[in-house]
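With the sequence up front, the predicted model follows.
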Amino acid sequence: MTVAQKNVVWHVTLLVSLLTVVPPAQGQAGFLPRFPASAPLPRAADTPGLPPLQLLGLSLHQAGGEVTADRPEFDSSVPLTMTAFWMPSIRLQASVPVDVTMWDHLNLISQTRGFRAGPEPGAEPWQVGSVYTQQYEIPLAPVASQFSGLSYLLVAPKSASNTASPLPPFQLLHTLLRPAIIERALPKEAMRAAFPSASGALAKHVRMGMGSDVTFETPEWPEHVRRIGIISSLSYRSVAQGEPVCRVLINEGGPDARTVHLLSGTMTARCDYDLFQRKDLNHERAPIFESRDSAQLDKDGRPTLLHTYFGVIDLGAPALRVRSLRFVCDSETILDLYGAVPLLE
């Protein structure tokens, strides 16, 4: 056999080993993962040059269908099933802890689920060079209760509590998380004070981050709406006075479609406004809709208040029959949207 022939045999043998089908108890391998891993891995001290366990990539599914977009988009109402393709470089007799974390795009908020990678208790050890798959189910509703929009999915080895620096991640994916919509009644007294003549309010709580997008149908709204009241607040980061927080697309695609904006400082503001000195803020405080106690105390030992705000957006002339409202968050903050109110004058 020539050197060239030996090289061909070696490459074929390597490819077969990478696609080895493991016992059904460990899952199915035999096809390449949709999202190949690209992050560097730490080297094991006892196996110079190779980590003890490599992640070849991920396959993602929701509601029975595979998620294939370059930036995976997740429905927050449906659990995410993640199939990981693992290849050990040592004979792995026990599983190792792995964290799957979703981060908002500002790297300010995260939700982590802990899993194990490796053979189940009592199962055969994982063999060097074979590919094994394991499935992990990740509920996304708790994540969407904290943030939505542009985000990251991070798969990383769990670091020991005494480790000075975290280990490099196995995988990092840019993702998009659709917001969760929560039914929540608006307080009657606050509604009467802010919007004395309002009727047919849309009462929904949505937590939005940059790139978050949600549409509501409003078939029950009156015929001639001249203004829209918005109840909301901001968290984590401010938006400068007078700058848009989000776009509101009205009757999108229709002949009477319009686009208006929710503005910082006049229509909404940071919910924790009272925790800051005025000189440290870049926007004014919008009219307060409702206040509640926070967990933080002021200098006198009393709870500092958190606020929601109301603002009014003028639709211009003529008055509209509003059939739908689409909110698109364009700013680097967390926007809590609580409701929208049709105003006739």
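Looks like it arrived, so ask away. Numbers count the residues shown, from 1 in each chain.

Give the pairing partners of the helix or strand residue 335 falls within; include direction for each.
Secondary structure assigned from DSSP states H and E places residue 335 in strand 334-343. Strand 334-343 has these partner strands in its sheet, going by DSSP bridges: strand 202-208 (antiparallel), strand 227-235 (antiparallel).

Mean neighbour count, those: which tops it?
For the strands paired with strand 334-343, ranked by mean neighbour count under the definition mean count of other CB atoms under 10 Å, the leader is strand 227-235 at a mean of 23. Quick note: C-beta positions are derived from backbone N, CA and C, even for glycine.

quick one: average confidence on the helix or strand following it?
With elements assigned by DSSP H and E, the helix or strand that comes after strand 227-235 is strand 244-250. Across strand 244-250, the average pLDDT comes to 97.

neighbouring strands for strand 244-250, and are they parallel or not?
The sheet places strand 244-250 alongside strand 258-263 (antiparallel), strand 324-329 (antiparallel), with pairing taken from DSSP bridges.

mind saving the C-alpha coords of that strand as CSV?
Extracted in CSV, the C-alpha atoms of strand 244-250 (Å, rounded to 0.1, in the frame of the first residue of the first chain):
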residue,chain,number,x,y,z
PRO,A,244,-37.1,56.9,21.2
VAL,A,245,-37.4,53.8,23.4
CYS,A,246,-39.4,51.8,20.9
ARG,A,247,-41.4,52.2,17.7
VAL,A,248,-45.2,51.7,17.7
LEU,A,249,-46.4,50.6,14.2
ILE,A,250,-50.2,51.1,13.9
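
what ranges do the helices span in the stretch 101-250 of the chain?
Secondary structure of the stretch 101-250 of the chain (DSSP state H, counting those that start in this stretch): helices located at 141-144, 188-194.

Now the ones you listed in JSON lines, please, with extra columns for distance to residue 249.
What follows is the helices of the stretch 101-250 of the chain, written out as JSON lines (distance: least, CB to CB, whole Å):
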{"stretch": "helix 141-144", "distance to residue 249": "21"}
{"stretch": "helix 188-194", "distance to residue 249": "24"}
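
Go through the ones you listed and pick out the most buried.
Most buried of the helices of the stretch 101-250 of the chain, by mean neighbour count (mean count of other CB under 10 Å): helix 141-144, with a mean of 20.

what residues does that one touch?
76-77, 102, 111, 177-180, 207 (CB atoms under 8 Å, 6 or more residues apart in numbering).

Same list (the strands paired with strand 334-343) but as CSV, adding mean pLDDT.
Formatted as CSV, the entries for those read as follows, by pLDDT from 0 to 100:
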stretch, mean pLDDT
strand 202-208, 95
strand 227-235, 96
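
Kindly reformat the ones you listed as CSV and extend each row with distance to residue 90.
Written out in CSV, the entries for the strands paired with strand 334-343 read as follows (distance: least, CB to CB, whole Å):
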stretch, distance to residue 90
strand 202-208, 43
strand 227-235, 45
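
wait, which of those strands is closest to residue 117?
Using CB to CB as the measure, strand 202-208 is the one of the strands paired with strand 334-343 that comes nearest residue 117, at 31.2 Å.

For the closest one, what is the distance to the chain centroid?
In terms of CA atoms, centre = their mean, to the nearest Å, the centre of strand 202-208 is set 16 Å apart from its chain centre.

With stretch 74-89 instead?
The gap between the average C-alpha position of stretch 74-89 and the chain average comes to 15 Å, counting by CA atoms, centre = their mean.

now swap in stretch 118-136 and tell me
Once both centres are worked out by CA atoms, centre = their mean, stretch 118-136 turns out to sit 30 Å from its chain's centre.
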